[in-house]
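Asker: When you get a sec, could you give me coordinates for this:
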Amino acid sequence: MIQQIQKKSLRTSTFLSRLYVKNMITPLQVIKVLNEHKVSFVLVGLHGLSGWMREPRATQDVDVVVAARHVKKAVAVLLDAFTNLEAVDLPVVTRLKLRGTDDVLIDVMKPLQQPHKEVFKNSVAVTEKGQTYRIPTVEMALALKFAPMVSLHRADKDKYQDAHDFILLVENNLELDSGKLAELGDLVYPGGSKEILELVRKARAGEKLII
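Answerer: This next block holds a predicted model:
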């Protein structure tokens with residue numbers, strides 16, 4: 001059951017991240033603040049997807065997609081809770097970084113682009129230590145990896161990491177909804193359904209993904 005796997009994965013990714021991230025803010029700390037202020041969000045990034053991947057690892061930041069109406073509120077309450085952070089507002093994300101450094105500890109992502117616009121409709125709830133939060137469904141997790149893999153603005157080194165994660169998602173989740181995947185693929189770009197389904201097929205067959 002994904003809820004139990006996600007709980008274990010979140011604990012592991014948090015533990016591993018603590019080993020090397022100075023002044024780390026944990027996912028549960030972020031979740032608690034957002035829940036206390038009734039902010040609608042979905043936990044994404046490594047912490048949100050590692051349960052589906054079955055391979056938790058260290059990461060520097062906590063990524064959340066926040067409902068458009070709550071973005072300003074989310075930023076305000078997180079800055080109030082973590083006074084060592086400062087905000088850098090960008091078109092699709094507000095980055096909360098350690099004051100006086102370039103170390104980003106929280107990304108508050110705005111649901112302005114696809115597939116992020118649909119993440120709230122494609123999520124499942126998990127409860128950990130009394131805190132309930134949402135993570136993407138496995139199909140949405142694949143779409144969130146597919147989008148940067150085909151982006152013209154993504155560095156190749158990052159695309160290879162996305163491809164690695166995409167393969168893990170496919171290998172560790174035998175039951176995928178092809179119809180939903182196609183729908184989400186077309187949201188990334190018109191005709192994306194064919195490419196995302198072909199990438200899934202290749203990953204299943206152990207073929208090299210060309211990105």
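
Asker: switch to C-alpha atoms for all contacts and neighbour counts from now on
Answerer: Will do.

Asker: Endpoint to endpoint, stretch 103-122 covers what distance?
Answerer: Using C-alpha to C-alpha, to the nearest Å, one end of stretch 103-122 lies 30 Å from the other.

Asker: Now do the buried residues in it.
Answerer: Neighbour-count burial for stretch 103-122, counted by 16 or more other C-alpha atoms under 10 Å, picks out 103-111, 114-120, 122.

Asker: Quick one: mark the members of the residues you listed that sit in strands.
Answerer: Per DSSP state E, strands hold the following members of these: 104-109.

Asker: What is the nearest of those residues to V65?
Answerer: M109 (4.6 Å; C-alpha to C-alpha).

Asker: what sits opposite that closest one in the beta ladder?
Answerer: Following DSSP bridges, M109 is listed with bridge partners V65, V93.

Asker: And the pLDDT for it?
Answerer: In this prediction, M109 carries a pLDDT score of 97.

Asker: And for L142?
Answerer: At L142, the model reports a pLDDT of 98.

Asker: Isn't it up against F166?
Answerer: Yes: with contact defined as C-alpha atoms under 8 Å, L142 counts as touching F166 (6.1 Å).

Asker: list the contacts for Q6?
Answerer: Neighbouring residues of Q6 by C-alpha atoms under 8 Å, 6 or more residues apart in numbering: 48, 50-52, 126.

Asker: From those residues, which land in strands?
Answerer: Per DSSP E, the subset of those in strands is V126.

Asker: and which of the contacts of Q6 is nearest Q3?
Answerer: Distances from Q3 to the contacts of Q6, taken by C-alpha to C-alpha, are shortest for V126, at 5.3 Å.

Asker: wait, the closest one sits on T137?
Answerer: No: using C-alpha under 8 Å, V126 is not in contact with T137; the gap is 11.5 Å.

Asker: Show me which of those two is the more surrounded one.
Answerer: For V126 versus T137, the count of surrounding residues by other C-alpha atoms under 10 Å is larger for T137: 20 against 17.

Asker: From A68, how far off is that one?
Answerer: Distance check for T137 against A68: by C-alpha to C-alpha, it reads 20 Å.
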